[in-house]
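Got a predicted model here, sequence first, then my questions.
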Amino acid sequence: MTMTERPLKPGEAKEGGIGAGFYGEACVFFLSSVSTGSPCDLAGLQDDDQILEIDGIPASKLREADVLRLLRGPVGSKVQLKILSGFGLEQVVDLERIDISTNSIPHQYLEADGPLHFAPANSELLARTSHWRQ
């Protein structure tokens, strides 16, 4: 267990994610830091793909906190994204959330320059991280 994780209560599922972060504002959001081998990567999603809907909810009705809450969920649960790719193609993908704790990520992704930016917090890293990480 990492220092930021809390013990699970009986019957509580571990929180998971889709293996990507996001950025955006004013109800327009884009994927970022798509990790190799993650559900997003396996579905063919890429950095800068626009999130149009999450579980049928238009992104235009969501705030940043809503997007974070909807992308995360119990490991093994599903989330549906409607995406507009950088090539102008719309697609709907069903993703199964995976364990995204630092213990489950290969060491190469723990470096400050890795796609997930899971590294001990320091001022240099915080200065280079300008948006939420998933």
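Structure's in. What do you need?

Let me see the contact set for residue 18.
Taking Cβ atoms under 8 Å, 6 or more residues apart in numbering, we find residue 18 in contact with 38-40, 71, 79, 81, 95, 97-98, 134. Every residue, glycine included, has its C-beta placed from N, CA and C.

so where's the chain uncertain?
1-13, 102-134 (pLDDT under 70).

Swap in 90 and give it another go.
The model of the chain has pLDDT under 90 over residues 1-14, 25-27, 86-87, 100-134.

now the helices: where do they sit in it?
With DSSP state H as the criterion, the chain has helices at 39-42, 64-71, 123-128.

Show me how the record splits the chain into domains.
19-98, 102-129 (automatic domain parsing).

ok, back up a step: farthest pair within the contacts of residue 18?
With distance counted by Cβ to Cβ, no two of the contacts of residue 18 lie farther apart than 81 and 98, which are 14.7 Å apart.

okay, the two: which has more neighbours?
For residue 81 versus residue 98, the count of surrounding residues by other Cβ atoms under 10 Å is larger for residue 81: 25 against 18.

Need the nearest residue in space to the more buried one, chain neighbours excluded.
Nearest residue to residue 81, sequence neighbours excluded (Cβ to Cβ, 6 or more residues apart in numbering): residue 93, at 5.4 Å.

Surely the one you found and residue 46 touch.
No: using Cβ atoms under 8 Å, residue 93 is not in contact with residue 46; the gap is 12.0 Å.
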